[in-house]
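**Student:** Build me a structure from this.
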Amino acid sequence: MPQRVRDVSLPARLARLEEDVAQLRRTGWERDELPLYPTAFTALAYSDAVTFTTLWETTFAPRTAGLALGLTAVGDQVAGVNTGGAWQVLLAGAVVWSGSVPPSFTVQYASTTLDLLPYRGVAEVLLQIQTRRTSGATTGGRAGGGGSIGLSPRYARIL
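**Tutor:** Residues are numbered from 1 along each chain as shown. I've put the predicted structure just below:
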């Protein structure tokens, strides 16, 4: 028996397309998470150094245009003295993003999307997250060197 192909009307095709788009919106996008590894043995990596110290790092091969990165930073308080600091993110040794931690003993959230296009041809790129203490107590604290700056990544998604 010969088979007939039904003509699909424009409203039927449009309804099908709308259903597919709605399903995509409900499921969301899948994104690759980039693992970051602490250079210390604590849950929230911290440092009381006055020079930049790497707290988190990873090596990866950039195959996309961007990396969404979110950080959580917090200062310290030693004997009533609040500690402030600074942090920076390096890609292949170059500072690509930086900020400060106010000396107010409050949690700070920062987020950005880093441009990976200049690194697309590179086989291996080192991503480092560093911090340092810039103000506050100089003695006491967790490691004896004064107040500490805590820093942790919230997410690192390859876009």
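**Student:** remind me which residues of this structure are low pLDDT?
**Tutor:** Along the chain, the parts satisfying pLDDT under 70 run over 1-7, 26-31, 41-44, 140-143.
**Student:** What distance do you get for the residue nearest the centre of it to F105?
**Tutor:** In the chain, the centroid-proximal residue (Cα atoms, centre = their mean) is L69; its distance is 2.4 Å. Distance from L69 to F105, counting by Cβ to Cβ, to the nearest Å: 24 Å. Placement of C-beta: from N, CA and C, glycine included.
**Student:** go on, T112?
**Tutor:** 24 Å.
**Student:** which residues in this protein form helices?
**Tutor:** Taking DSSP state H to define them, one finds helices in the chain at 10-27.
**Student:** And the strands in it?
**Tutor:** Here the chain has its strands, by DSSP state E, at 32-33, 37-38, 46-47, 53-60, 66-74, 76-78, 81-91, 94-101, 107-115, 125-135, 149-158.
**Student:** Distance-wise, check the closest residue in space to T64 that isn't next to it in sequence relative to T112.
**Tutor:** What sits nearest to T64 in space, not counting adjacent residues and going by Cβ to Cβ, 6 or more residues apart in numbering, is I158, at 5.3 Å. From I158 over to T112 the distance is 14 Å, taken as Cβ to Cβ.
**Student:** what do you get for A137?
**Tutor:** Distance, A137 to T112, using Cβ to Cβ: 30 Å.
**Student:** Compare these two and say which is more crowded by neighbours.
**Tutor:** Using other Cβ atoms under 10 Å as the criterion, A137 and T112 rank with A137 on top: 20 against 15.
**Student:** tally of neighbours for the nearest residue to that one once chain neighbours are set aside?
**Tutor:** Nearest-residue entry for A137: V78, 3.7 Å, with adjacent residues in sequence omitted and distances by Cβ to Cβ, 6+ apart. As a burial measure, V78 scores 18 neighbours (other Cβ under 10 Å).
**Student:** Distance of V78 relative to P102?
**Tutor:** Taking Cβ to Cβ, one finds V78 at 16 Å from P102.
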